[in-house]
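Starting from these lines, generate the structure:
(one chain, ligands or ions: 1)
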Amino acid sequence: MLSCLTLAVMHDGDEVHTIEGIGLPGNLDAMQRAFVDNDGFKCGYCTPGQVASAKAVVEEIRANIPSQVTGDLTATIAFTEAEIRERMSGNICRCGAYANILAAITEVAEQQT
Ligand code: FES
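Prediction:
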């Protein structure tokens, strides 16, 4: 869920994950490392949300949760460009780093399969 589309009061008692809980400067999470290695950001303004969403996208696809672009609902969902782009579509990057963000997510998905 995008934090800008929900109220904190709606999640009293829920488990909430934010970028502060993902990796440390000296010990980056695999997704953060992939963003660095693939130049997945420029100004960095959108990066915390992109990384948090990217991690959720990998978990969603791995859990075989369909998206708007999933064709066969009975088959195992693949880490395709269309699936990743659709699931990341709510994250806007004014610097236009989308191609490199896609590369970072694909790299992590391929490493963890
Ligand atoms: S890196 Fe600048 S807005 Fe995404």
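
For the longest helix along the chain, which residues meet the burial criterion?
Determined from DSSP state H, the single longest helix within the chain is helix 47-62. Of all the residues in helix 47-62, those buried under the rule 16 or more other CB atoms under 10 Å are 47-55, 57-58, 60-61. C-beta: built from backbone N, CA, C; applies to glycine.

Kindly indicate which of these lies nearest the ligand.
When the buried residues of helix 47-62 are ranked by distance to the ligand (CB to the nearest ligand atom), Thr47 comes first, at 5.9 Å.

Please name every helix or strand in contact with the helix or strand just after the longest helix of the chain.
Using DSSP states H and E, the next helix or strand after helix 47-62 towards the C-terminus is helix 81-87. Applying 3 or more CB pairs under 8 Å, 6 or more residues apart in numbering; DSSP states H and E, one finds that helix 81-87 makes contact with helix 47-62, helix 98-111.

hmm, who's touching the longest one?
Read that as helix 47-62. 2-3, 17-19, 22, 29, 31-32, 35, 40-41, 67, 77-79, 83-84, 87-88, 90-91, 93, 101, 104-105, 108-109, 112 (CB atoms under 8 Å, 6 or more residues apart in numbering).

Could I have the buried ones of those residues as PyMOL selection syntax?
Those of the contacts of helix 47-62 that count as buried under 16+ other CB under 10 Å are selected in PyMOL with:
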select buried, resi 22+29+31+32+35+40+41+67+77+79+83+84+87+88+91+93+101+104+105+108+109
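
Which residues of this protein lie near the ligand?
41-47, 93-95, 97 (CB under 6 Å from any ligand atom).

mind redoing it with 5 Å?
41-43, 45-46, 93-95, 97 (CB under 5 Å from any ligand atom).

List buried residues within these.
41, 46, 93, 97.

pLDDT score assigned to the last one?
Just to be clear, that refers to Ala97. Looking at Ala97, its pLDDT stands at 97.
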